[in-house]
Structure formats: structure tokens, C-alpha cells
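Colleague: the following comprises the amino acid sequence and a computationally predicted model.
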Amino acid sequence: MVVEQIEGFALTGLSARTKNTNEADSSTAKIAPLWDKFGTEAAPKLREANRVYGVYTNYESDHTGEFDVYACSDMLSSEMSEDFKPVHIKSGKYLLFTCQGEMPQVVIDLWSRIWRYFSARDCPHQRTYTTDFEYYIGPNEAQIAISIK
């Protein structure tokens, strides 16, 4: 993991409001259906140069509260339906975690590792719960950026 200062940037995507306990139950989960819809509506329009992101923002509190999640890309919003809304990655300091393996399980496993990391008593970093994001580097590689103080 590495700490990096990231300048803010704009994305466009589909969103839902959820919390982690809802995601543990397939009957209340919203993230998988959100990505399914993104795959159907946006993926066919993506060009090779476009980047795909998952964004987590508008946190109610910490990782136990509600938050907004976006399945999104850097594609222009004019190319998408009205269901696609803008979201902004905030400028700031981020702790970057990377993973490689079979999607989506490798990203789910990385989130578990991140929660354990930040819940450790000797963790040297503190989350801000402003904006966190996943950047899908390739079909089997992703990076998760967690906003920190």
C-alpha cells in the first residue's frame, strides 16, 4: 500500500444508497445489481481508453452506516441515459491498496483486508469517510483508494 495525493476528477455513473450489512444479504444487496446494469448499459459504449470505477461517497458515518455507491466511468455523460449521474472524486490524500485475481471476489476480499487494516489498534492512518474509490485497471486487477487524514 502507498499514500498518494490525488487531484479530484469527474466521473459519470449509476448510483444507489446502501450499507454493508445490506450487501451481505442478496435480497437487499444493491451493489451487484448496480454493476449488472452498468455492464448492460455502459460497458458496450466504453472505448478502450475509458476507465471504470466504483465510487463510495456521502457516508452517513463510518463503514457501518449508509453511503452512496456508483458504478461509473470517465465516459462523457452525454453518451449515457438520464439514469447516469455525475460524481466527483475529491482531491486529497488516499491510501492505495491493489489486488489481482478473479473479479469480483478479489475486490470483495480486498475490502475485507482494508476493514481489518483500519480496525487494527496500531493502524497509522485514519479514514476520512469522504470519498473512496475502486479503479479497475484491467480484467483481473484493481486498486482501491481510501481517503485518509
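Modeller: Yep, it's here.
Colleague: list the backbone torsions phi and psi for the closest residue to Asp132 other than its chain neighbours.
Modeller: Among residues not flanking Asp132 along the chain, Tyr56 sits closest, at 4.5 Å (C-beta to C-beta, 6 or more residues apart in numbering). For every residue, glycine as well, the C-beta is placed using N, CA and C. Per-residue torsions, Tyr56: phi -120, psi 120 (degrees, to the nearest 10).
Colleague: where does Tyr56 land on pLDDT?
Modeller: At Tyr56, the model reports a pLDDT of 98.
Colleague: which residues touch it?
Modeller: For Tyr56, the contacting residues are 67-70, 131-133, by C-beta atoms under 8 Å, 6 or more residues apart in numbering.
Colleague: and it, bridged to which residues?
Modeller: Taking DSSP bridges as the rule, Tyr56 bridges to Val69, Asp132.
Colleague: what about it, distance to Ala10?
Modeller: 16 Å (C-beta to C-beta, to the nearest Å).
Colleague: what residues does the closest residue to Gln126 other than its chain neighbours make contact with?
Modeller: Excluding its sequence neighbours, the residue lying closest to Gln126 (C-beta to C-beta, 6+ apart) is Lys149, at 4.8 Å. Listed by C-beta under 8 Å, 6+ apart, the contact partners of Lys149 are 93, 125-128.
Colleague: can you tell me which of those has the most neighbours?
Modeller: Arg127 (18 neighbours; other C-beta atoms under 10 Å).
Colleague: quick one: pLDDT of it?
Modeller: Predicted confidence (pLDDT) at Arg127: the value is 97.
Colleague: try Glu48
Modeller: Per the predicted model, pLDDT is 88 at Glu48.
Colleague: check the one 4 residues further on too.
Modeller: With respect to pLDDT, Val52 scores 97.
Colleague: quick check: closest non-adjacent residue to it.
Modeller: That would be Tyr136: by C-beta to C-beta, 6+ apart, it lies 4.4 Å from Val52.
Colleague: give me the neighbour count for that neighbour.
Modeller: 17.
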